[in-house]
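Asks: structure of the sequence below:
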Amino acid sequence: MAALFVALVGVEPQALIWGIVGPVIGLTFAPPTGRVRAAMVFGAVAFASAALGTWASEYWHGGSHVARNAWAMVIATVFHPLFAAVVQAVPAAVTAFVNRKAGGQ
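Replies: You can find the predicted model right below:
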């Protein structure tokens, strides 16, 4: 089952678990938002940080499992509040852009 997961997702389950721990810590620093948006940000950050942690471990640490897990958690902890803030700002930015292009209507 783990081999199927690695083949489908591209990261090992242990890296994903640490990628989930990171957003839980980063959640305390993220701006408040709705449930659906928060769930989507959480999932995206967990998968992205697990993938980036795996890449960083392969690139800098020779594929060390401890380094992979640490990178995944640190990236997720830092990336979750930043990504949540960007996602929260996108609707207002799009609305401002459309209003500017539509001539202020």
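
Asks: where do the helices sit along the protein?
Replies: For the chain, applying DSSP state H gives helices covering 2-9, 13-26, 35-60, 65-101.

Asks: TSV for those helices, including mean pLDDT and mean neighbour count?
Replies: The way it works is simple: take the backbone N, C-alpha and C, and place the C-beta from them, glycine included. Written out in TSV, the entries for the helices of the chain read as follows (pLDDT from 0 to 100; neighbours: other CB atoms under 10 Å):
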stretch	mean pLDDT	mean neighbour count
helix 2-9	75	10
helix 13-26	91	20
helix 35-60	92	18
helix 65-101	91	16
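
Asks: spit out the contact partners of the spatially most central residue of the chain.
Replies: Relative to the mean C-alpha position of the chain, the nearest C-alpha, by CA atoms, centre = their mean, is the one of Val45, at 1.3 Å. In this structure, Val45 makes contact with Gly19, Gly22, Pro23, Gly26, Ala76, Phe79, His80, Phe83, judged by CB atoms under 8 Å, 6 or more residues apart in numbering.

Asks: try 10 Å
Replies: Remark: with contacts taken as CB atoms under 10 Å, 6 or more residues apart in numbering, Val45 is in contact with 19-20, 22-23, 26-27, 30, 75-84.

Asks: that one and Thr95, how far apart?
Replies: Relative to Thr95, Val45 is positioned 25 Å away (criterion: CB to CB, to the nearest Å).

Asks: likewise for Ala84?
Replies: According to CB to CB, Ala84 stands 19 Å off from Thr95.

Asks: now swap in Phe42 and tell me
Replies: Separation of Phe42 from Thr95 (CB to CB): 25 Å.
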